[in-house]
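Participant: sequence? don't have it. structure:
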């Protein structure tokens, strides 16, 4: 390979490298994080580190412009139909391998400077690329760290903001308590976001992003949104629930009257009946007023309490009716059992047995008494049953 061909290959390589450097610098310069940091009012660690990174970035661009100017001359000498020419090889080689890029930045100390030298000795293209690479890494380290914090913190904060936005139209008219809670949640989201925007790097601890403030804001917003949704549901259903409570109470009164009538009937026949449940309370008179005043939190609590009390009263009525029916059914069952064993005594030829007759009479009288002592009657029937079975065993 000729010297011209070798130089042409080297020229193509440095041109491609310059294009890649330029593309990366432009992407960094136009990045969202860099543009936001430039326009933000920063504080703390982020302010200090971005100030240093901004200075580094400015120097990086100055270095690139100096480097790119050399590359332009390299392209002029080394590209084209008959390029590079042999006569240009010395200059081209000097540009490709020698010190040709004057860096901005710190000057050489006077004590180490030659009388005829400049204060900033030029460096090679390779050294210039190395310098730019280190500067680029320094700047992108800051922007990447900030981007990582904003991404981690932004997820819970965006979720919190979405929760609040979805219920914002519903919050009006739900009462001062809810409005205060909503403002508090909204303020928490704004405060966490402002802190993350002003000094995001303060949230980096041991390589991990501290999202605790954002997570608390999300939880607070979710709780407020859930409460607003719940109270709006109360507001939407308030009329129906109040009407249903009134209808349910009226039906429960009717059912209780029927159960009380059955209880009085049973009390005439049974010595022991279950106690009557307490009267059914009327719906609170304040419900309509609370709805009219928009006091939805209190209305929700009052409705929940009244509905629970009504449900308990309905259940108590059902228990009473079942207990009365069970007691009367047990009396009738014992009567049937007593008749069956009397018939068995007749089949055994023991109807005239004085002891059996006395046992039967005792059980019979207890079961026909009004009121009936059901426990005593049950014991007497069991005694008569044992006597019949003993007689059967002897025969």
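Facilitator: Everything's here; your move. This one's a predicted model, so the numbers in the text were calculated from it and none came from an experiment.
Participant: so who does residue 68 touch?
Facilitator: The contact partners of residue 68, by CB atoms under 8 Å, 6 or more residues apart in numbering, come to 18, 22. To be clear about C-beta, it is placed using only N, CA and C from the backbone, and glycine gets the same treatment.
Participant: tell me which element it falls in.
Facilitator: helix 44-78 (DSSP states H and E).
Participant: can you tell me the helix or strand for residue 263?
Facilitator: helix 212-269.
Participant: And the following helix or strand past that helix, what's buried?
Facilitator: Following helix 212-269 in sequence order, the next helix or strand is helix 287-293 (DSSP H and E). Neighbour counts over helix 287-293 (16 or more other CB atoms under 10 Å) mark 287, 290-291 as buried.
Participant: Mind putting the residues you listed into JSON lines with pLDDT and distance to residue 222?
Facilitator: Shown next, in JSON lines, are those (pLDDT from 0 to 100; distance: CB to CB, whole Å):
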{"residue": "287", "pLDDT": "87", "distance to residue 222": "29"}
{"residue": "290", "pLDDT": "82", "distance to residue 222": "27"}
{"residue": "291", "pLDDT": "82", "distance to residue 222": "27"}
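Participant: from those, which is closest to residue 215?
Facilitator: Closest approach between these and residue 215, by CB to CB: residue 290, at 35.5 Å.
Participant: Spatially, what comes nearest to the closest one if we skip its sequence neighbours?
Facilitator: residue 299 (4.1 Å; CB to CB, 6 or more residues apart in numbering).
Participant: what's the answer for residue 54, then?
Facilitator: Residue 54 sits nearest to residue 38 (CB to CB, 6+ apart), 7.6 Å away.
Participant: Residue 182 too?
Facilitator: Closest to residue 182 by CB to CB, 6+ apart is residue 171, at 4.9 Å.
Participant: Would you mind confirming that that neighbour is in contact with residue 183?
Facilitator: No. Using CB atoms under 8 Å, residue 171 is not in contact with residue 183; the gap is 9.4 Å.
Participant: Neighbour count for the two, which is higher?
Facilitator: Using other CB atoms under 10 Å as the criterion, residue 171 and residue 183 rank with residue 171 on top: 21 against 12.
Participant: Against residue 235, how distant is the more buried one?
Facilitator: Going from residue 171 to residue 235 by CB to CB, to the nearest Å gives 11 Å.
Participant: And for residue 340?
Facilitator: Taking CB to CB, one finds residue 340 at 64 Å from residue 235.
Participant: Who has more neighbours out of those two?
Facilitator: residue 235 (17 against 12).
Participant: Now the more buried one. Nearest residue, chain neighbours left out?
Facilitator: Once flanking residues are discounted, residue 235 sits nearest to residue 296: 5.3 Å by CB to CB, 6+ apart.
Participant: same thing with residue 152?
Facilitator: Spatial nearest neighbour of residue 152, excluding adjacent residues (CB to CB, 6+ apart): residue 209 at 3.9 Å.
Participant: contacting residues around the one you found?
Facilitator: 148-149, 152-153, 203.
Participant: Quick check: of those, which lies closest to residue 387?
Facilitator: Checking these one by one against residue 387 (CB to CB), the nearest turns out to be residue 152, at 86.7 Å.
Participant: so which strand or helix has residue 319?
Facilitator: helix 296-347.
Participant: just how off-centre is that helix within its chain?
Facilitator: The chain centre lies 45 Å from the centre of helix 296-347; the measure is CA atoms, centre = their mean, to the nearest Å.
Participant: average pLDDT across that helix?
Facilitator: The predicted model gives helix 296-347 an average pLDDT of 88.
Participant: likewise stretch 128-136?
Facilitator: So the average pLDDT for stretch 128-136 ends up being 95.
Participant: Pull out the buried residues from that stretch.
Facilitator: By neighbour count on 16+ other CB under 10 Å, the buried set for stretch 128-136 is 128-129, 131-132, 135-136.
Participant: Ok, stretch 363-372 next?
Facilitator: 363-364, 366-367, 372.
Participant: next one: stretch 43-63
Facilitator: Result for stretch 43-63 [16+ other CB under 10 Å]: buried residues 46-47, 49-50, 53, 56-57, 59-61, 63.
Participant: can you give me phi and psi for residue 124?
Facilitator: Backbone geometry at residue 124, expressed as degrees, to the nearest 10, gives phi -70, psi 170.
Participant: repeat for residue 101
Facilitator: phi -110, psi 120.
Participant: And the helix holding residue 263, how far out from the chain middle?
Facilitator: Distance, centroid of helix 212-269 to centroid of chain: 26 Å (CA atoms, centre = their mean).
Participant: That one - contacts with which helices or strands?
Facilitator: helix 125-171, helix 176-198, helix 287-293, helix 296-347 (3 or more CB pairs under 8 Å, 6 or more residues apart in numbering; DSSP states H and E).
Participant: Let's see that with 6 Å instead.
Facilitator: The contact analysis (3 or more CB pairs under 6 Å, 6 or more residues apart in numbering; DSSP states H and E) places helix 212-269 against helix 125-171, helix 176-198, helix 296-347.
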